[in-house]
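Novice: prediction below, plus the sequence it came from.
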Amino acid sequence: MNQENENEIIITTENLNKWYGQFHVLKDINMEVKKGEVIVIFGPSGSGKSSFIRCINRLEEYQGGLITVDGIELTNDVRNIEKIRMETGMVFQQFNLFPHITVLDNVTLAPMQVRKWKKEKAEELGMQLLTRVGIPEQANKYPGQLSGGQQQRVAIARALAMQPKIMLFDEPTSALDPEMIKEVLDVMIELAKSGMTMLVVTHEMGFARSVADRMFFFDKGQIVESGKPENIFSAPKEDRTKLFLSQILSH
Amino acid sequence: MTEPHISPPEVKVPALAWIKNNFFSSWMSTILTIASVWLVYVLLKGILVWAFTSAEWDVVSVNIRLLLVGQFPKDQIWRIWLSLVLISLIGGSALSLWGRSSKTIVFGLAATPLVLALIPGPLVHKYWMVGMTIAGIAGWFMASAIGHKARSFVYTGVVIWFPITLILLSGLSETNALLPTIGTNLWGGLLLTMLLTVGGIVVSFPLGVLLALGRRSELPAIKYFSIGYIELIRGVPLITILFMAQIMLPLFLPANVTVDRVLRAAVGITMFSAAYLAENIRGGLQAIPKGQFEASHAIGLSGFPTMSLIILPQALRIAIPMLVSQFIGLMKDTSLVAIVGLFDLLGIARTVLAQPDFIGLQREVYAFISIFYWLISFTMSFVSQKIETAVGLGER
């Protein structure tokens, strides 16, 4: 990666505000993410962290402020929304694989439908991605026949199939049994080291410590504190951050 | 250390013990068993004695052609057979592609025409029945030989078969040498029942899908039209709609415009069925988690591909049992057209009974047509169960 790309800003949110009915879930969120950065977002449940990353690919609408992704301003214009969705991949807590088609079809669906690739080309890429996440032998099974960890790895491969510039992870390991968390985190660490821009909502502090460039602590719809992992873990400035970290790290 | 391998204990129950456990386990169950056997015996005995001694089945054998095809011209019956041979060909290919898991259906469908050919009757019809079996087998092997590419042929075949059948039956023009016009007033019996059923299913299904999607639409005009249509039709009995179509509609049309009576009934049945199907499909749509929409949008699919590739295939699969119930209901509801004066299976049965020669033979005629209604309903239900297994419904 050359010098000018390294500081290129790929996501900007300015004074982002969102309400669910009367509930003010995001309050003036300002964030800038550089290309290749790995951002970990953590905070108590209901703090707005999931809502925030779901605003970035417009799965949620927002009522105030501005989001720019790779130079594209996210407006109500459907074409802009589709462009941004082609550049962002998303991995969900509940995997959300398509249960009626095979694992390989899950991965090749978007390249074939959206990019209009030929089947052979899409399947070649699909097998490459399944190999990258470590489960090429499951290609012709249905999602329901796989374990949770395997399903989440398929979901990562599916998101990568559109060759996105940004990957969004919404609590990717929260629905997994403990012994499966590692296999998913390993894939995410490999992805982070390959230079992918990643926004990860997670409470896996080991993951944050080893690969995050910056961490954001969300509480009550605001960014309470942000900084490098070493600073956040060893010397948090805010009392709320200290309290929350002590609660999740005490065991 | 090797892991110990222990087989599960074998459970073997001798036949006698099984009977004792299930039918004679206590005094109460012994009494119930004996009473039930006696009741079944009394009922069956009455029916069987009647069926084999006092029943006069002549009324059925004399009128069999009337009951099956109505007044369809005798020398044109080959058109019906040709349509059946075509569907056998398509059915054989479809089974070869998707239905290999169910041997019952494959052999059942292949053998039925052959078994029917054993029934005494004109030789020509036997040739056609054998022809159906041959066409089915030919379709099977053609599809096996072509492989996956045969799918598009089967889809096309399924879509164009019904229109082709309608053209075959109604004919091209009065003077056409090969296919002279046959008015729908001559279509009758089982033929008309099946045409109304198949036509109703084929047309009301896509309408039902559109109405179900329309009801969930975010566009108020489409949404409220769909809701209005569904609630209006569901609030009215089918027989009312049929009477409207037969008696009221001509009053609203100009004097020189006439719409075919069979067509009017078919439209009524289709409109009625579409409203119910829409609600069944909506039930399937509501069972799809929101995450499926989100995942589809997140990988860049827009509204139409999300619906057609992700949501509808899953929703329709969930709705199969409800859809088949609705189709069976539709088949039986077609008998209501007899009341507005069409000669479907029930209508023809009533005209047969009105002949002076056959007065008082209601039991024979109604028993015979009941068997047909039951056979068709049961086949639909059986096939739907097999489809459910084939698509893996209930396994996840």
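Specialist: Now that the structure is in, tell me what you want to look at. Numbering: from 1, shown residues only, chains lettered A, B, ... in the order given.

Novice: what's the closest residue to chain B within the stretch 151-251 of chain A in contact with, if anything?
Specialist: Among all residues of the stretch 151-251 of chain A, residue A:162 sits closest to chain B, at 5.8 Å; criterion: Cβ to the nearest Cβ. The way it works is simple: take the backbone N, C-alpha and C, and place the C-beta from them, glycine included. Going by Cβ atoms under 8 Å, 6 or more residues apart in numbering or on different chains, residue A:162 touches A:86, A:89, A:110, A:111, A:114, A:115, B:299, B:300.

Novice: which PyMOL command selects the buried ones in these?
Specialist: The PyMOL selection below is limited to those of these classed as buried (16 or more other Cβ atoms under 10 Å in any protein chain shown):
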select buried, (chain A and resi 86+89+110+111+114) or (chain B and resi 299+300)
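
Novice: could you identify the most distant pair in the contacts of residue A:162?
Specialist: Farthest apart among those by Cβ to Cβ are A:89 and A:115. That separation is 13.5 Å.

Novice: before we move on, what SS does the residue of the stretch 151-251 of chain A closest to chain B have?
Specialist: Under DSSP: H, G, I helix; E, B strand; the rest coil, residue A:162 falls in the coil class.

Novice: now do residue 123, the pLDDT please.
Specialist: The chain I'm using is chain A. Per-residue confidence (pLDDT) for residue A:123: 93.

Novice: let's do chain B instead
Specialist: What the model reports for residue B:123 is a pLDDT of 82.

Novice: then residue B:131?
Specialist: At residue B:131, pLDDT is 89.

Novice: state whether it is indeed within a helix.
Specialist: Yes: if the criterion is three-state DSSP, then residue B:131 is within a helix.

Novice: do the strand or helix carrying residue B:153 and chain A come into contact?
Specialist: Assessed by DSSP states H and E, residue B:153 sits inside helix B:150-170. No: on the criterion Cβ under 8 Å from any Cβ of the partner chain, helix B:150-170 is out of touch with chain A, staying 14.1 Å away.

Novice: for residue 88, the count of nearby residues, please.
Specialist: Picking chain A for this. By other Cβ atoms under 10 Å in any protein chain shown, the residues close to residue A:88 number 26.

Novice: the intended chain is chain B.
Specialist: The number of residues packed near residue B:88 is 23, by other Cβ under 10 Å.

Novice: could you do the one 4 residues further on as well?
Specialist: Using other Cβ under 10 Å, residue B:92 has 28 neighbouring residues.

Novice: show me the contacts for it.
Specialist: By Cβ under 8 Å, 6+ apart, the contact list for residue B:92 reads B:135, B:136, B:137, B:138, B:139, B:140, B:142, B:143.

Novice: and if you look at residue A:158?
Specialist: By Cβ under 8 Å, 6+ apart, the contact list for residue A:158 reads A:89, A:97, A:106, A:107, A:109, A:110, B:295, B:299.

Novice: quick check: what element follows whatever helix or strand it lives in along the chain?
Specialist: Counting by DSSP H and E, the element that carries residue A:158 is helix A:148-160. Counting by DSSP H and E, the next helix or strand C-terminal to helix A:148-160 is strand A:166-170.
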